[in-house]
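A.B. asks: Have a look at this prediction, sequence included:
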Amino acid sequence: MKRSTWIVLAVSVAAVIGVAATVPGRLQAWQQEHSLATTHITYNHFACAGTPCPAFQVDVFGDGTVIYQGFQDVAVRGAYTYHIPRDELQAYIRDFRVSGYWQKPHAGAPTPSGGGCRVMLSSDHQTRRNACLDAVGEDGMTLAQPQLSADIAQLEALVKLDALTQGHYVAGTTPSPTPVTGMRPYRAHALFPGATPTPVNPVL
């Protein structure tokens, strides 16, 4: 075999080996991206029994899609959808999935605004549930009033929740849904059958 043929053969083998070496890394990157993109977070605040307090549901998807459903005692009622920056959301998801938040049960009620709350995280074919309040402070002492977990407060800020749930509320009115840029009415489909009343402080 000629020397030039050996050289070509050697270069070809090296190229094949190089490509093969990059395949696992690319596959792992794709798997991580797919895992983040298909993550689904559901955040509920449940209605109070006999007293006014905000009731809503927010579904956040790994591609940046947010579906908000305002039920009662919120600034914006009804179902709407909008988008938040995907990179910011996925950075949050990376941290949230391994957060100490999941290492202990949290309190579900009462929230500072009344009612109860729950969070569900669906990722990699697994669903985890927890309430959203810290009943114990960083010093290990029981708090007189449970406080919103820092992880959930970060989620609220990320989806601009205050703009939708806070503000002047008048019973029987539906304020113009302009608090979040790009917000538009959401038409329910099989995945989300629509804005229906949520149960009062369900057992987690």
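C.D. replies: Yep, it's here.
A.B. asks: domains of this structure?
C.D. replies: With automatic domain parsing as the criterion, the domains of the chain are listed as 1-37, 38-185.
A.B. asks: pLDDT averaged over stretch 76-95 - what is it?
C.D. replies: Taken as a whole, stretch 76-95 has an average pLDDT of 91.
A.B. asks: Please disregard the earlier target; I meant stretch 110-126.
C.D. replies: Taken as a whole, stretch 110-126 has an average pLDDT of 82.
A.B. asks: Let's see that stretch as CSV, backbone CA atoms only.
C.D. replies: Included here for stretch 110-126 are C-alpha records, laid out as CSV according to Å, rounded to 0.1, in the frame of the first residue of the first chain:
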residue,chain,number,x,y,z
PRO,A,110,-52.4,30.3,55.7
THR,A,111,-50.6,32.5,53.2
PRO,A,112,-50.0,36.2,53.9
SER,A,113,-53.1,36.9,51.8
GLY,A,114,-55.1,34.0,53.2
GLY,A,115,-56.0,30.7,51.7
GLY,A,116,-53.5,27.9,50.8
CYS,A,117,-50.9,27.2,48.2
ARG,A,118,-49.3,24.3,46.4
VAL,A,119,-46.5,23.8,43.8
MET,A,120,-46.1,20.8,41.5
LEU,A,121,-42.9,20.2,39.4
SER,A,122,-43.1,17.7,36.5
SER,A,123,-39.8,16.9,35.0
ASP,A,124,-38.2,13.7,33.5
HIS,A,125,-41.4,11.8,33.9
GLN,A,126,-41.6,12.5,37.6
